[in-house]
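[1] show me how the following folds:
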Amino acid sequence: MHTYAIDFETYYDKKCSIKTLGPLGYFSHPDFDAYMVTVKGTDGTEFVGHPKDFNWLLLNDSIALSHNAAFDETLYLYGIEQGWWPEANPRAWYCTADMAAYCRLPRPLKGASKAAFKIEVDKTTRDNMSGKRWEAMSDEFKEEVSQYALQDAELCLELWEAFNELWPENERVISTLNRRICQGGIPIDTALLKEQLEVINEKLFEAETAIPWMGERPLLSRAAFDDECLKQGLEPPKSLAADNPESRKWVEYNSKKHAWINAVQNWRRINAIKKKVESFDVATMPDGRYYGGFMYFGAHTGRFSGSGGNLNLQNLPRDEMFGVNLRHLIATKPDKKLVVADLSQIEVRTLCWLAKDQAMLKEIEECEDIYEAFAIRFGSWKKEQGALKQDPKIRHRVKAMVLGCGYGAGKQRFADMSGMPQKEADDAVDLYRGSMESVTKLWREYNVDINGAYNLTQQNIPTPFKVDLPSGRTLNYGYIEANKVEGGHVQYTSYFPKGAKMIPVKLWGGFIAENASQALARDIFSDMLVRISEAGHTIIMHVHDEVVVEADADKAEEALEEILKIMSTPPEWISNIPLDAEGTILTRYTK
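    A predicted model of the protein is given here:
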């Protein structure tokens, strides 16, 4: 069986761009042109030319590759619908950018090629292609573009041949499923979308007209802000940062008499919401569906992330802001329903599993409320008292401890996170650590493992620091560096891919426990996504540990029941972890 790396080159400019329009909006733009495809195959095939001239049937029963298949494969499928080229049936179409991320390489081709092969890829040609149509290019530039595109296909194939054996089949399935989810689109209430565009534009106009220097100086100019303060007899604040307590107090006090202060503060937030609404608008097609994306392996732990741009579906605001509720835009037609289900406190459960705290896992399994199980463990509640929910104050405190103390947060840090007075936070940290000795032991074990990997490497026995997961996946931190810090302590450092670069990240036991808990939760959730899809349900999006399915209205109850059963059943490779899931049926997405 042959393998072919495929790379399209397409016209783009500031208005005709996938970054602003989304994939289908870009492909359907009147200025769009797919003027070149390059193909490099293991059978010796090397093609550079117009897509209509390539023998697409070569792909039948083969493996197709692209470095960003979310673009190239989606364009290929769109082109079939438009009659631009014939349909072929490759056995699979894999994304080498996803593979690179899994293998701890930078996702962009430039970064992956440098990290893997020490090859420097010059993207100047791609930058210079902006606004240039193929027919208007000089012969010299056409040759430059052709060589640039061919190199991309060659490097894509080289990456595959070098790393595909490190990318297991189940992860390829997850990568492909994630792409299929994105290609299916999300149903949008287009009438509400139009209304919200009008609302947010009105709010932005109101904020702008309230700023005294509008039209004369940049709206967010700090110098203009300070000058206006002095003009009004106010001492300008040292900072306007939203997370600065003194800044918040200054704004709250002075904005009562000076509305323009709030207008300045709100303008940036309103404009950010406006860009999100506009992103929904431009990427929502005539079929009433939004085509955005979720990035496979967007974080070191393997968690999915948003696909970039102004709209991150993994982080939509929960509530209405300035008259706009972005979540409410996601809504079904009358014959459909949204079935929304999520795993309950999955990372709390995975931490206990990693810590081998079988007693705690059993207590969790036997309690309807996971925080009641912990309250009993902490000695803050007794089973014979009944449900913990009857005492919201204790439950809130226990919940804060469970979610905030499991990864080694110090007392000051926990006080900041929880909002507790310092003495209460000190007592809470001590209580957690004294009651959850299995977790503190896990932190120490990870610290020992980090130190051991570093020491072996220093003894000329190169040993990357790794954490094995029950799914068969390994968190690989590479070779560890160490530096002496204040107090004579040693700070260990690893390097993680971010964009095209590798950035330093400090390592310690609690941080590794957090990474491992998150990674294991991701593997469990991904396994469920596959099982839900294989059961015939149409997944339209997923957010952290939540899955959203579009179901026929008359089958929604049945779908919810089956999905909750799947999500309450652990994967075979971790059959002893107690799971729970909850869900609901909606016509409009909420949280």
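
[2] C-alpha from now on. contacts and neighbour counts both.
    OK.

[3] quick one: contacts for residue 13?
    Contacts for residue 13 were tallied using Cα atoms under 8 Å, 6 or more residues apart in numbering; they are 130, 131.

[4] in what element of secondary structure is it found?
    Of the helices and strands defined by DSSP states H and E, none includes residue 13.

[5] how close does the most centrally placed residue in the chain sit to residue 473?
    Centroid-nearest residue in the chain, with Cα atoms, centre = their mean: residue 305, separated by 0.8 Å. Here the criterion is Cα to Cα, to the nearest Å. By it, residue 305 lies 19 Å from residue 473.

[6] on that earlier part again, what bridges to the residue nearest to the centre of the chain?
    residue 295 (DSSP bridges).

[7] and it, how far from residue 123?
    From residue 305 over to residue 123 (counting by Cα to Cα), the distance is 25 Å.

[8] got it, and residue 290?
    For residue 290, the distance to residue 123 - Cα to Cα - is 30 Å.

[9] the two: which is more packed in?
    More neighbours surround residue 290 than the other of residue 290 and residue 123, with 28 against 10 (other Cα atoms under 10 Å).

[10] okay, that one: pLDDT?
    Per-residue confidence (pLDDT) for residue 290: 95.

[11] ok, the closest residue to it other than its chain neighbours - contacts?
    Closest residue in space to residue 290, ignoring its immediate chain neighbours: residue 284 at 4.0 Å, by Cα to Cα, 6 or more residues apart in numbering. Residue 284 makes contacts with 25, 188, 290, 291, as judged by Cα under 8 Å, 6+ apart.

[12] where does residue 284 fall, phi/psi-wise?
    Torsion angles at residue 284 (phi, psi; degrees, to the nearest 10) stand at phi -100, psi 120.

[13] continuing past the helix or strand where residue 229 lies, what's the next helix or strand?
    Counting by DSSP H and E, the element that carries residue 229 is helix 222-231. Using DSSP H and E, the helix or strand that directly follows helix 222-231 along the chain is helix 245-254.

[14] what comes up buried for that next one?
    Buried positions in helix 245-254, judged by neighbour count with 16 or more other Cα atoms under 10 Å: 247, 250, 251.

[15] distance of the residue lying farthest from the centre of the chain from residue 258?
    Most distant from the centre of the chain: residue 233, at 45.8 Å, with distances by Cα atoms, centre = their mean. Residue 233 sits 11 Å away from residue 258, going by Cα to Cα.

[16] residue ranges with poor pLDDT in the stretch 301-450 of the chain?
    Scanning the stretch 301-450 of the chain with the threshold set as pLDDT under 70 gives 308-309.

[17] what ranges does it have for its helices?
    346-354, 358-366, 370-378, 392-404, 411-418, 422-435, 437-458 (DSSP state H, counting those that start in this stretch).

[18] the fourth one: which residues count as buried?
    What that stands for is helix 392-404. 394, 395, 397, 398, 399, 400, 401, 402, 404.

[19] break the chain into its domains for me.
    Here the domain parsing of the chain from automatic domain parsing is 3-182, 190-283+293-324, 336-344+517-586, 358-435.

[20] what's the straight distance from one end of the third one to the other?
    In this case it means domain 336-344+517-586. Taking Cα to Cα as the measure, domain 336-344+517-586 stretches 9 Å from start to finish.

[21] for the longest one, same thing?
    End-to-end distance for domain 3-182, by Cα to Cα: 24 Å.

[22] with stretch 131-150 instead?
    End residues of stretch 131-150 are separated by 21 Å (Cα to Cα).

[23] same check on stretch 525-541?
    End-to-end for stretch 525-541, by Cα to Cα: 13 Å.

[24] can you check stretch 234-246 too?
    Terminal-residue distance, stretch 234-246 (Cα to Cα): 15 Å.

[25] ok, and for that stretch, which residues are buried?
    Neighbour-count burial for stretch 234-246, with 16+ other Cα under 10 Å as criterion, is recorded at 236, 237, 240.

[26] leaving out chain neighbours, which residue sits closest to the second one?
    Think residue 237. residue 247 (6.5 Å).

[27] right, and the one you found touches residue 241 too?
    Yes. If you go by Cα atoms under 8 Å, residue 247 and residue 241 touch, sitting 6.5 Å apart.

[28] that older thread, now tabulate the buried residues of helix 392-404 in a markdown table and tack on distance to residue 544.
    Output for those, formatted as a markdown table (distance: Cα to Cα, whole Å):
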| residue | distance to residue 544 |
| --- | --- |
| 394 | 27 |
| 395 | 24 |
| 397 | 24 |
| 398 | 23 |
| 399 | 19 |
| 400 | 20 |
| 401 | 21 |
| 402 | 19 |
| 404 | 18 |
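
[29] farthest pair in those residues?
    Using Cα to Cα, the pair of the buried residues of helix 392-404 lying farthest apart is 394 and 404, separated by 15.2 Å.

[30] follow-up on the earlier one: looking at the buried residues of helix 245-254, which is nearest residue 108?
    residue 247 (39.0 Å).

[31] circling back to that earlier point, looking at the domains of the chain, which is closest to residue 465?
    domain 3-182 (13.0 Å).

[32] what distance separates the closest one from the centre of its chain?
    Its chain's C-alpha centre and that of domain 3-182 lie 22 Å apart, by Cα atoms, centre = their mean, to the nearest Å.

[33] give the rounded mean pLDDT of that domain.
    On average, domain 3-182 scores 96.

[34] nearest residue to residue 371 in space, please, no chain neighbours.
    Spatial nearest neighbour of residue 371, excluding adjacent residues (Cα to Cα, 6+ apart): residue 399 at 6.0 Å.

[35] so that neighbour touches residue 373, yeah?
    No. With contact defined as Cα under 8 Å, residue 399 does not count as touching residue 373 (10.7 Å).

[36] okay then, goodbye and thanks.
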